[in-house]
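Colleague: What shape does this take:
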Amino acid sequence: MKKTFVERTGKGSGVNVADEVERRLAKANLLPSRRRIPRSTMNRLLSAETFRNRVGISVRNGRFELTHQEDAVLAALSRVADDLASRDIVLADIWDIDGKRSYLDRLEKAGVLPSADHGLAVSEARRSDKVRKAKPTPRARPSSRVTLIPQTEFPLTWPGRLQRHHHIWEELQFRLELSRHPNAISVLFRVLLELAVENYISRCNVPIHAGDSLAQRALKSGQDLYAKGKISKQQLRQIQKFRHFDRLVSADTLNRYVHSASFAPSPEHLMALWDSMAGFIVDCLNA
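Modeller: This is a model prediction of the structure:
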């Protein structure tokens with residue numbers, strides 16, 4: 001119950017999201033003119049990182065940050081605040097994950113939410129540069145990877161219809177070890193990828209043919225994501241390469257892991273496959 005309360009109020013990180021949003025809107029003179037923002041409703045809408053990211057904000061390590069250009073973020077937050085204050089959107093509308101996603105999808109179609117063009121790529125590049133230039137301490141040791149999915153936070157929410165997807169993800173992230181269960185991991189990885197792609201196709205009405213292979217379906221999903229500005233051209237190229245038979249990181253490799261009697265999976269190959277497809281899988285699951 002405590003965990004549920006923390007997630008719903010947005011206070012788990014020590015930051016009250018609604019308070020911070022209201023403070024920033026007040027500073028920019030963008031608060032609703034008639035009524036106060038219902039903070040509990042705002043916190044529920046922005047209770048997960050994946051939803052916060054869509055309006056251009058993030059809460060990590062106890063800090064509230066913008067992930068996109070300030071003007072675009074404030075415009076999106078101002079619209080959300082107006083909708084909530086005017087009661088055009090009430091708690092019942094965003095009570096569950098599908099309700100939140102539906103509301104944010106409408107804002108995205110209306111051009112309200114920040115797009116990839118508003119990203120803070122330059123700032124992130126500078127930050128990464130600093131990390132690369134920083135000298136490691138003599139005691140630093142690279143942490144060994146035990147599971148296929150790194151045990152870090154991913155911007156994912158899990159509606160009821162993705163219950164099996166969630167269970168497979170949990171097994172790949174926390175229960176199955178690369179050194180002990182490579183065969184089980186290779187099969188579940190392929191199942192997760194296929195289920196994620198099918199989720200995107202069905203949710204976004206991507207046109208496919210009955211005979212399309214997994215690689216073809218993945219490519220069509222990737223092209224749809226790119227057309228909507230949700231992935232970069234470089235990310236699309238990575239998905240395009242997934243079709244090539246002569247590459248280690250390919251759909252053919254995954255198929256051999258499942259069906260070949262002699263093609264044994266290795267932890268290194270599995271990690272390479274995951275690292276190349278992880279972002280795409282997350283995008284498909286978030287559709």
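
Colleague: residues touching Ile94, list them.
Modeller: Applying Cβ atoms under 8 Å, 6 or more residues apart in numbering, we find Ile94 in contact with 41, 44-45, 100, 103. All C-beta spots, glycine's among them, are computed from the backbone N, C-alpha and C.

Colleague: again, but for Ser221
Modeller: 197, 200-201, 204, 206, 239, 280, 284.

Colleague: what would the contacts of Ile94 look like in TSV with pLDDT?
Modeller: Formatted as TSV, these follow (pLDDT from 0 to 100):
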residue	pLDDT
Thr41	91
Arg44	91
Leu45	92
Lys100	89
Tyr103	93
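
Colleague: Nearest to Met271 among the residues you listed?
Modeller: The closest of the contacts of Ile94 to Met271 turns out to be Lys100 (Cβ to Cβ; 32.6 Å).

Colleague: In space, what's closest to that closest one - neighbours in sequence excluded?
Modeller: Ile94 (4.7 Å; Cβ to Cβ, 6 or more residues apart in numbering).

Colleague: just Glu49 next, same as before
Modeller: According to Cβ to Cβ, 6+ apart, the nearest residue to Glu49 is Pro155 (5.0 Å).

Colleague: Local confidence estimate at that neighbour?
Modeller: pLDDT, Pro155: 82.

Colleague: Confirm that it lies within a helix, as I assumed.
Modeller: No: Pro155 is assigned coil when assessed by DSSP: H, G, I helix; E, B strand; the rest coil, not a helix.

Colleague: Might you report the residue contacts of Leu193?
Modeller: Contacts of Leu193 (Cβ under 8 Å, 6+ apart): 214, 218, 254, 277, 281.

Colleague: close enough to count as contact, the last one and Ala196?
Modeller: Yes: the pair Ile281 / Ala196 is scored as a contact, 4.8 Å apart, by Cβ atoms under 8 Å.

Colleague: still on that earlier bit, scan the contacts of Ile94 and report the most crowded one.
Modeller: Ranked by neighbour count (other Cβ atoms under 10 Å), these have Leu45 at the top, with 25 neighbours.
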